[in-house]
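Engineer: Quick one, fold the following:
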Amino acid sequence: MDTLKATVIIASNRAAAGVYADETGPLIVAALAAEGWAVSDPVVVPDGVPVAAAITAAVAAGARLVLTSGGTGLTPTDQTPEVTRSLLEREVPGIAEAIRAYGVAKGVPTAALSRGLAGTIGQALVINLPGSRGGVKDGLAVVVPLLRHAVEQIVGSDH
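Structural biologist: This next block holds a predicted model:
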């Protein structure tokens with residue numbers, strides 16, 4: 001099994017400003033490392049344009065997977081889906097739909113409020129996860145089993 005490179009980006013104005021420590025990034029990094037992904041510490045940036053810059057830099061550096069966390073809600077500063085959509089070449093709506101459905105089915109009705117997206121940029125899969133610890137755990141439960149197959153499909157590998 002090839003080692004594939006992944007990048008974790010945390011969209012949080014307060015964590016980026018040092019108001020509090022990011023708690024979701026380490027969860028995501030640990031989950032990816034446990035699955036054999038080459039992943040380093042999370043990149044913590046303010047929401048909006050800095051997220052787009054971080055995604056672009058990760059893809060340019062060879063990441064085959066970019067998972068973001070945060071910035072997917074309804075507050076005025078939540079801009080992760082908008083900046084992600086501006087970069088995507090193809091959307092993969094079933095991933096984000098499955099994450100929302102999983103949370104709702106677990107009894108978290110607010111999971112339906114997440115506006116996260118998923119799609120491809122070049123040879124990379126980009127997925128927006130919610131910013132809460134519970135949302136991240138639910139999102140990982142959905143996406144981890146399909147990540148390797150998805151990134152292999154992006155480059156045309158056989159089923």
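Engineer: from here on, contacts and neighbour counts on C-alpha atoms
Structural biologist: Noted.
Engineer: give me every residue that touches Pro145.
Structural biologist: Pro145 makes contact with no residue, according to C-alpha atoms under 8 Å, 6 or more residues apart in numbering.
Engineer: separation between it and Glu35?
Structural biologist: Separation of Pro145 from Glu35 (C-alpha to C-alpha, to the nearest Å) stands at 9 Å.
Engineer: Ok, Val108 next?
Structural biologist: Remark: distance between Val108 and Glu35 (C-alpha to C-alpha) = 27 Å.
Engineer: can you check Ser69 too?
Structural biologist: Plainly put, Ser69 is 19 Å away from Glu35 if you go by C-alpha to C-alpha.
Engineer: higher neighbour count, those two?
Structural biologist: Ranked by neighbour count (other C-alpha atoms under 10 Å), Ser69 and Glu35 place Ser69 first, with 27 against 14.
Engineer: give me every residue that touches that one.
Structural biologist: Contacts for Ser69 were tallied using C-alpha under 8 Å, 6+ apart; they are 8-11, 24-25, 128-131, 136.
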